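Student: pasting a predicted model and its sequence here:
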Amino acid sequence: MTKTTVNEFTKTYSGIFGNEVVLKSRKGLSTMTIPAKVAEKEPTTVQNNVRDKFILASKYAKNVLKNPDLLAAYGPKRENERSMYHMVMTNFLKRPVVVQINSDRYHGNPGDLISVSAYDDVRVTGVTLEIIDPDNKVVEQGSCTFNPVTSNYDYHATCQGTSGGGLRLRASVFNIPDHMGTLEVII
């Protein structure tokens, strides 16, 4: 049960009353809730891992808010976000994603195009691509460039190579906290 009101009496009070009611005040609104129940069991390994991730995300968000250069990298607060702290923390917890690698225009020749579709909730800071042969040797690797027409990241091959027979393409995308998301396909 939660009830939020603007009330002159309760807006300056906060705390727990008789283990029955918790009063909180935020931005001039008073919230009345039931106290949280204390868990009777020890947390599982998965729960502890999630807690650790939230602790790291919180520390990261607090550091970003103290660093004007890092804060500027996140840009202005978005309409749907509750606070800049919340946006930064969420970005830390969510990894960037490589959605697709399109190799239709790659035939093993220098200049052939490989297109990578990738995104992040806030901003992609870089996309790289590796071409790996069947013997697990990297044939070539490099940075992709953003294509504003397609909103994809393009990589133009630089080496003469083979275009099939177990060749793998591995794309990696990075975001502001330098987290990475990858996708690998076999062509």
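Tutor: Okay, I see it.
Student: which helices and strands sit right next to the longest helix anywhere in the chain?
Tutor: In the chain, taking DSSP state H as the definition, the longest helix is helix 45-66. Secondary-structure packing of helix 45-66 (3 or more Cβ pairs under 8 Å, 6 or more residues apart in numbering; DSSP states H and E): helix 68-73, helix 84-93. All C-beta spots, glycine's among them, are computed from the backbone N, C-alpha and C.
Student: most packed of these?
Tutor: Of the helices and strands packed on helix 45-66, the one with the most neighbours on average (mean count of other Cβ atoms under 10 Å) is helix 84-93, at a mean of 19.
Student: lowest confidence element among the helices and strands of this protein?
Tutor: Least confident helix or strand, the chain: strand 2-5 with a mean of 50, by mean pLDDT, DSSP states H and E.
Student: sorry, back to before: residues in contact with the longest helix of the chain?
Tutor: If you take Cβ atoms under 8 Å, 6 or more residues apart in numbering as the criterion, helix 45-66 is touched by 43, 70-71, 74, 84-86, 88-90, 92-93, 177.
Student: now, among those, which is nearest to Ser115?
Tutor: Among the contacts of helix 45-66, Pro177 lies closest to Ser115 (Cβ to Cβ), at 25.5 Å.
Student: rewinding a little: same list (the helices and strands packed on helix 45-66) but as JSON lines, adding distance to Thr158 and mean pLDDT.
Tutor: Formatted as JSON lines, the helices and strands packed on helix 45-66 follow (distance: least, Cβ to Cβ, whole Å; pLDDT from 0 to 100):
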{"stretch": "helix 68-73", "distance to Thr158": "30", "mean pLDDT": "88"}
{"stretch": "helix 84-93", "distance to Thr158": "33", "mean pLDDT": "91"}
